[in-house]
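Chemist: model the structure of this input:
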Amino acid sequence: MKSRSQDQSLSDSTELDRSHDPLTGSIADDGEPSTVRYRPEGLDRLVQQTSFNKKELQVLYRGFKSVSPSLLCLQECPSGVVNEETFKSIYSHFFPQGDSSMYAHFLFEAFDTNNNGAVNFEDFVISLSIILRGSTIDKLNWAFNLYDLNKDGCITREEMTDIMNSIYDMMGSYTYPNMRDCAPKDHVDSFFQKMDRNKDGVVTIDEFLETCQKDENIMQSMHMFDNVI
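Modeler: As a prediction, this is how the structure comes out:
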């Protein structure tokens, strides 16, 4: 006999994607054989945790389960979660002229909030809510976490160099051969000249937030995706 929590989880998941198979008790895609899948948190709970309403979450969930370019092209996985290799493979389709594997690795780690090597629907939609509809401070904190590769609370030159190299590698022929060899280093130097207020060789979250909020161009970029969904 299923417990009430199991029944509720199934009900919530059914409400998300509207595709419950009453014969097997599993979630199935339209026109596909039923398979047991990862079941997301309750819809009402996700409404509270994010800036999306129920209808938007249902659309996002169906997009998460299938190939959807507007949602980072997260490909359906039998377990209902996306691992890093799948994430890298799908992300590479956006940048066929370069090597996006390292940047995709950094991005995956930012989405993988549980540090368990997998991105489930909750991980995805909570981060997406911050990126698209979070406050300016929330968005800046998320960006800082992306750049702070070892999650020790500060950004080093080595970390920012790795980030910049991964971005240039990802852009590939869109930047080569016009890009000078020293371009990534120049960007890192510019970043630290602007952000490292006390010149101690690292950028803390306080320095990052203070500098970004005084930079008009950065503030405008924070609203770039406000109307995506």
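
Chemist: so where do the helices sit in the chain?
Modeler: Counting by DSSP state H, the chain has these helices, from start to end: 4-17, 43-49, 54-65, 84-91, 101-111, 121-133, 136-147, 157-171, 183-195, 205-213, 216-221.

Chemist: can you redo those as CSV with mean neighbour count?
Modeler: Backbone N, C-alpha and C define where each C-beta goes, glycine included. Conversion of those to CSV gives the following (neighbours: other CB atoms under 10 Å):
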stretch, mean neighbour count
helix 4-17, 16
helix 43-49, 14
helix 54-65, 19
helix 84-91, 17
helix 101-111, 19
helix 121-133, 20
helix 136-147, 17
helix 157-171, 18
helix 183-195, 15
helix 205-213, 16
helix 216-221, 11
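
Chemist: these into a markdown table, with extra columns for mean pLDDT?
Modeler: What follows is the helices of the chain, written out as a markdown table (pLDDT from 0 to 100):
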| stretch | mean pLDDT |
| --- | --- |
| helix 4-17 | 50 |
| helix 43-49 | 88 |
| helix 54-65 | 84 |
| helix 84-91 | 88 |
| helix 101-111 | 95 |
| helix 121-133 | 91 |
| helix 136-147 | 95 |
| helix 157-171 | 93 |
| helix 183-195 | 92 |
| helix 205-213 | 96 |
| helix 216-221 | 86 |
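
Chemist: residue contacts, the nearest residue to residue 167 once chain neighbours are set aside?
Modeler: Distance criterion CB to CB, 6 or more residues apart in numbering; nearest residue to residue 167, sequence neighbours excluded, is residue 103 at 6.0 Å. Under the criterion of CB atoms under 8 Å, 6 or more residues apart in numbering, the neighbours of residue 103 are 91, 163, 166, 167, 169, 170.
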